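Student: Got a predicted structure plus its sequence, pasted below:
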Amino acid sequence: MTKNQKFIITITWVLLSRIYDAYCTYMLTPDLSKEANPLVSFGGISSWTTLIVILSLLTIYTLYAYYVSLYKPMNLIPKEEGYSFGDFVAFVYLGQKDSWTSVLYKFPRSFKRATHYFGHVLSKGLVFAGVVSSIMWLLINNTEFYKSIHSAALIYAILICGTLIIVYRWNKKLYKQYLVGNRNNSNN
C-alpha cells in the first residue's frame, strides 16, 4: 500500500467513524445528559457546539500530525547503543534518555518531536476508537443483548487497554529496528 493510499484510507475512516459516533450520540442524547465523554461528564461541557469544536480541533491536530509523521518522517530512535526497552520507550517519546515512567508525566520539549510521536500514536488510537465506537453503536442500535452489558466503563476499558497494546506493539517494533540497526552498525 502506498503512503497516499494509507493516508487517504486512514483519514477517511477516522472522519467517517467520528461523524458516525457523533451522529449516534446526538440521536441518543441531544442534550448530552447521557454522554460519557470525559469532556462532558467530568469537564462540564454541556453544549454540542463546544464539544464538536474541541473534538474537531483534536482530530484535525491528530490528522495533521499523522500527515507530518507519514510524509515528513523524523527518526525517533536513539543513535546510542545500550538502551533497555523502557529507556528506549522514554527516548522515542521525549528525545532523551529517561525512565519509561517519565512518559506518564513528562511532555516532549520539542513540538516537532511531539507532533511526529503523536502522529504515529494518536492516529492509530483514533482508528481503533473508530472501530470500537462503530461496533458499539451497531450493537446498541441492532441488538437487545448488548444493551444489558453496555457501560461507559466497559467501552473506556476496551479503548484504554487496546490503545496501550497498540502503543506497546509500535514501540516494540521500533525497538527491534533499533537493536538490528545497532547490530548492523557494530558489524561495520
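Tutor: Cool, the structure landed.
Student: Show the average pLDDT along the helix or strand hosting Ile140.
Tutor: For Ile140, the element it lies in under DSSP states H and E is helix 111-142. Averaging pLDDT along helix 111-142 gives 97.
Student: Centre of the chain to whichever helix or strand comes after it, how far?
Tutor: Of the helices and strands lying after helix 111-142 in sequence (DSSP H and E), the nearest is helix 145-149. Helix 145-149 sits 27 Å away from the centroid of its parent chain (CA atoms, centre = their mean, to the nearest Å).
Student: helices or strands up against helix 145-149?
Tutor: helix 111-142 (3 or more CB pairs under 8 Å, 6 or more residues apart in numbering; DSSP states H and E). From N, CA and C alone the C-beta is placed, and that goes for glycine too.
Student: low-confidence ranges in the protein?
Tutor: Under the criterion pLDDT under 70, the flagged ranges of the chain are 182-188.
Student: in it, which spans are strands?
Tutor: Remark: strands of the chain are absent; assignment by DSSP state E.
Student: hmm, back to that, now do the helix holding Ile140: which elements does it pack against?
Tutor: Packed against helix 111-142 by the contact rule (3+ CB pairs under 8 Å, 6+ apart) you find helix 3-28, helix 48-71, helix 85-94, helix 145-149, helix 152-187.
Student: Sweet, I'm off.
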